[in-house]
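> Just the structure for this:
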Amino acid sequence: MLKITATPRIRRSPFHDAVVAAGVTDATVYNKMLMPTSYGDLEAEYRRLLEGVAMWDVSCQRQVQISGPHADDLVQYVTARDLSSMKVGQGKYVAMCDHEGVLLNDPILMKLSGGRYWFSIADSDVLLWCRAVAFERDFEVSITEPDVSPLAVQGPLAVDLIADLFGDHVRALKYFWFVETELDSIPLTLCRSGWSKQGGFELFLQDGSRGVELWDTVAAAGERYGVGPGAPNHIERVESGLLAWGGDNTPGSNPFECGLGRFVDVDCEADYIGKSALQKVAAEGPERLLVGLILEDAADSIADAWPLEQRTAVRVGECQVGTLSAVVESPRLGRTIGIAQIAREVVEAGATVIVESPQGARAAEITELPFI
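Below you'll find the model as predicted:
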C-alpha cells in the first residue's frame, strides 16, 4: 500500500490526535495539510451524513485574512461578485479569477468584525495571489493565514446538536451567515455552511492548541444523536453536484464552465480582475459545461465507487469532447453517475457519449446537475 511520508511541509491539524483516536484510516494532502478522507467504513460514513450527524476535520480549508485600510478594495478587486451590500456576519460563495477569467479558486468569503475578511479557500495558494495583487495595486492591507481551523458538523441532525451546544438562536442562522462566539471559552466562529447538501455548520476554531478539546466537546454532546467521524463525502458530493475545485475544472476553466455563472456579476459597477473576459464569456456563452453523466449498467454496491486518479476522456465517436472527473455508484439512485466537463454543443445536442471505465468503454447519458 502506498503511504504518505510525513515531512515538515505537510502540516497536521489541531484535531489530529482526536482524529487518530477516532480511527482514521485514509488521508490525502490538501492545502499542504493532512486531510482525513475515511475512517474505514465508507458506507457507514455515507449513511451517517444522510440520516444523522457526522464530524469532519476540515482544518485544511485554510483562511486567508485580509485587513487594513484598503481591505474592502482588495477583496472586491479579486472577487468576481458584487460585494457592495455585504454585511458583517455574512458569507458569500465567490469566484476568484485571473485576468483571462480563468477560475483560480471558489472560496467562501466571510466579512468579520474589525474590518477583516476571510477567504475560506479550496486547495491553491490564494494567499500568494492576494499578496501579489496588493503589492502591484499599492493596496494598504495586511494579508495573513490566521490560526483558524474549521471543524464541520454535517447531516440532518446537525442543527439539533449545534443548538444544544450554542442555543436555539442558531436555528435561525441563514446559510453562509455566521456569528463570532466561543464554546467553553474556546474562541471560534460558527458558520452555517459545509461541503454537503445535507445541512450543517462549521466551527472555525481560533486557538489551535484546543483542537482536541473542541472535538471531544462536540463528540460528547453528539452522543445522543449518534454522531460519528467522517469526511467530505465523495459519493454525496457527486449526487449533490458540488464542484471540487482542482478536480472537476480543468486548468483553463472559467466560472461559467464550472457551473458558477450565477455567482459572477458581470454587470455590476465594481471593477475586478477578469471582468472584461467574463463579460465576453457571458455574452457568447461558455465553450464547455459542467454536467452529470449516467453511465450504462446499474450500481451493485457502495463499495464499488470508481476512484479516478486522473481525468478520463469523454468521446463522441473518435472525437474527445470533454473529461470525466468523478464517478461513483449512487446508492440513492441505484446507478453509476459522474461529473464531467463537456463541449457545450454536445450537451445542447443531447448526444450519448462514451467514457472509458476500468471494464472498458461505456455509454453515458448527459444530464443536468445536481442528480439529487
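
> drop to CA atoms for contacts and neighbour counts, all remaining ones
Fine.

> domain parsing for this protein?
What automatic domain parsing lists as the domains of the chain is 16-61+148-236, 237-367.

> for the record, mean pLDDT for the shortest one?
Along domain 237-367, the predicted local confidence has a mean pLDDT of 91.

> same question, stretch 190-207
Across stretch 190-207, pLDDT averages out at 98.

> Ok, stretch 26-35 next?
Stretch 26-35 carries an average pLDDT of 95.

> so how far does that stretch reach from one end to the other?
9 Å (Cα to Cα, to the nearest Å).

> Kindly report the same for stretch 113-123.
End to end - Cα to Cα - stretch 113-123 spans 26 Å.

> Contacts for it, please.
30-31, 61-68, 71, 75, 88-89, 105-112, 245-246 (Cα atoms under 8 Å, 6 or more residues apart in numbering).

> circling back to that earlier point, and the domains of the chain as CSV, adding mean neighbour count?
Shown next, in CSV, are these (neighbours: other Cα atoms under 10 Å):
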stretch, mean neighbour count
domain 16-61+148-236, 19
domain 237-367, 18
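
> Which members of the contacts of stretch 113-123 come out as buried by neighbour count?
Buried subset of the contacts of stretch 113-123 (neighbour count, 16 or more other Cα atoms under 10 Å): 30-31, 61-68, 71, 75, 88-89, 105-112, 245-246.

> you'd agree residue 219 is up against residue 226?
No. Look at residue 219 against residue 226 with Cα atoms under 8 Å: they stay out of range, at 9.2 Å.

> All the helices of the stretch 151-300 of the chain, residue numbers only.
Ranges of helices in the stretch 151-300 of the chain, per DSSP state H, counting those that start in this stretch, are 158-166, 211-221, 234-239, 275-284.

> of all those, which lies closest to residue 356?
Closest approach to residue 356 among the helices of the stretch 151-300 of the chain (Cα to Cα): helix 234-239, 18.4 Å.

> Show me what that closest one is packed against.
Counting contacts by 3 or more Cα pairs under 8 Å, 6 or more residues apart in numbering; DSSP states H and E, helix 234-239 is packed against strand 319-330, strand 335-343.

> residues in contact with residue 187?
181, 205, 206, 207.

> and of these, the nearest to residue 164?
Of all the contacts of residue 187, residue 164 sits closest to residue 181, with 14.7 Å by Cα to Cα.

> I'd say the closest one and residue 189 touch.
Yes. Look at residue 181 against residue 189 with Cα under 8 Å: they come within range, at 5.7 Å.

> Mean confidence (pLDDT) on the helix or strand harbouring residue 47, please.
Assigned by DSSP states H and E, residue 47 belongs to helix 42-51. Mean pLDDT, computed over helix 42-51, is 96.

> ok, now stretch 83-90?
Mean pLDDT, computed over stretch 83-90, is 98.

> and the residue lying closest to residue 229 once chain neighbours are set aside, what is it in contact with?
Excluding its sequence neighbours, the residue lying closest to residue 229 (Cα to Cα, 6 or more residues apart in numbering) is residue 55, at 4.8 Å. Each residue near residue 55 by Cα under 8 Å, 6+ apart is listed here: 151, 152, 153, 154, 219, 227, 228, 229, 230, 231.

> Now the terminal residues of stretch 53-60, how far apart.
In terms of Cα to Cα, the two terminal residues of stretch 53-60 are separated by 21 Å.

> how about the strands in the stretch 51-200 of the chain?
Taking DSSP state E, counting those that start in this stretch as the test, the strands found in the stretch 51-200 of the chain are 54-57, 63-67, 91-93, 96-97, 103-105, 108-111, 117-120, 142-144, 149-154, 178-183, 186-191, 200-205.

> now those in JSON lines, with distance to residue 48?
Listed next are these as JSON lines, based on distance: least, Cα to Cα, whole Å:
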{"stretch": "strand 54-57", "distance to residue 48": "6"}
{"stretch": "strand 63-67", "distance to residue 48": "28"}
{"stretch": "strand 91-93", "distance to residue 48": "26"}
{"stretch": "strand 96-97", "distance to residue 48": "33"}
{"stretch": "strand 103-105", "distance to residue 48": "29"}
{"stretch": "strand 108-111", "distance to residue 48": "25"}
{"stretch": "strand 117-120", "distance to residue 48": "25"}
{"stretch": "strand 142-144", "distance to residue 48": "36"}
{"stretch": "strand 149-154", "distance to residue 48": "9"}
{"stretch": "strand 178-183", "distance to residue 48": "24"}
{"stretch": "strand 186-191", "distance to residue 48": "21"}
{"stretch": "strand 200-205", "distance to residue 48": "13"}
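
> All the strands of the stretch 251-372 of the chain, residue numbers only.
Going by DSSP E, counting those that start in this stretch, the stretch 251-372 of the chain shows strands at 288-298, 312-316, 319-330, 335-343, 352-357, 360-367.
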